[in-house]
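Trainee: Sharing a sequence plus its predicted fold:
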Amino acid sequence: MTITVLGCGWLGFPLAQRLAGRNYRVKGSARSEKKVKLLIQNSIDGYRIELPDSFQDESAEPFWNSEILFLNIPPSGTGNPESYPGLMERAVRTFMESGDQENKWVIFASSTSVYSDTGGLTREEDVVSETLADLRGQMMLRAELVVRGVQKEATILRFGGLYGYGRHPIYSLSGRTGLKDPQKPVHLIHQKDCLNIITKVVEKQLKGETYNLISDGHPPKKTFYQHAAKFYNLPLPQFLDEPEKDYRILSNRKIKEQLGYTFTYPNPMDLTP
């Protein structure tokens, strides 16, 4: 089976490595020749892909020719967030129209930004688009809809904040002042759990599903970030003194039950590699 990974960055590259190590043929995209060479060195068919230009590039046509597309481009990587849904739709159509494989399948890397901040315990089906004030959340939800509009069996993975192996959100918040929502629960997931879950979704062919990919623990923002700052010996972020709200807590019950999955890193308070 051949899998195309569109977006071989912090998550996509180790995913492509893992899948190649499990005897899948993997095609991966990069935006520089240096990264393309790195992909090739890791038994991945590397292609230099720039969207939207590569949609018209004949040399990129083999990249789209596979059974599975892991679509892993965030809105921030497109320059204009409002163009994001259309770009994702075009990527899926290009993939679906390439080659002659039957049962082509898209796995879309979405985000928990599709949920509003308040609302209590929330499952995957509880998204209400009218409550989304954040443009990124609106565009991500619209992208989910257009992806599944083109490929009805597309699987949607809503990732929480990503951390692990040198990446941690404290690095962007350290030393900042006047931060809001000190009691808001965090929704994070470690890279290793991301890779484990995506691999299981591929192996079990869990088509047409939507999953929240977040760990079990949801400590308050202030507690979590100040704890992390102390651990990494960084200046503490300072939060405003605000009353607690009916903050949203996302459920990961579905992914654990359907996959029988136990998180390697269930609590982000347990600082990890």
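Mentor: Ah, there it is. Numbering: from 1, shown residues only.
Trainee: Run through the helices of the stretch 51-200 of the chain in chain order.
Mentor: Ranges of helices within the stretch 51-200 of the chain are 61-64, 84-97, 135-150, 170-173, 191-204, based on DSSP state H, counting those that start in this stretch.
Trainee: closest to residue 42 out of these?
Mentor: Nearest of these to residue 42, taken as Cβ to Cβ: helix 191-204 at 14.4 Å. All C-beta atoms are positioned from the backbone trio N, CA, C, and that covers glycine.
Trainee: Let's test this: mean pLDDT of that closest one, rounded?
Mentor: The pLDDT scores in helix 191-204 average 97.
Trainee: now for that helix, which elements pack on it?
Mentor: Here helix 191-204 touches helix 12-21, strand 105-111, strand 155-159, strand 161-163, strand 210-213, helix 253-259, going by 3 or more Cβ pairs under 8 Å, 6 or more residues apart in numbering; DSSP states H and E.
Trainee: Report the inter-axis angle for the longest one versus helix 191-204.
Mentor: Pointing back at helix 12-21 there. Orientation check (axes from the mean of the first three to the mean of the last three Cα atoms, to 10 degrees): helix 12-21 against helix 191-204 gives 40 degrees.
Trainee: Please enumerate residues in contact with helix 12-21?
Mentor: For helix 12-21, contacts defined as Cβ atoms under 8 Å, 6 or more residues apart in numbering pick out 3, 5-6, 8, 26, 28, 38-39, 42-44, 70, 72, 191, 194-195, 198-199, 202.
Trainee: ok, back up a step: put together CSV for the helices and strands packed on helix 191-204, with distance to residue 127, mean neighbour count and mean pLDDT on each row.
Mentor: Below are those laid out as CSV (distance: least, Cβ to Cβ, whole Å; neighbours: other Cβ atoms under 10 Å; pLDDT from 0 to 100):
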stretch, distance to residue 127, mean neighbour count, mean pLDDT
helix 12-21, 25, 20, 98
strand 105-111, 10, 23, 97
strand 155-159, 9, 23, 98
strand 161-163, 18, 19, 95
strand 210-213, 9, 22, 98
helix 253-259, 14, 15, 96
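Trainee: Relative to residue 224, which of the ones you listed is closest?
Mentor: Proximity to residue 224 (Cβ to Cβ) singles out strand 161-163 among the helices and strands packed on helix 191-204, at 10.3 Å.
Trainee: That closest one pairs with which strands, parallel or anti?
Mentor: Here strand 161-163 has these sheet partners by DSSP bridges: strand 188-190 (parallel).
Trainee: now the partner strand, how far from the chain's geometric center?
Mentor: In terms of Cα atoms, centre = their mean, to the nearest Å, the centre of strand 188-190 is found 10 Å from the chain centre.
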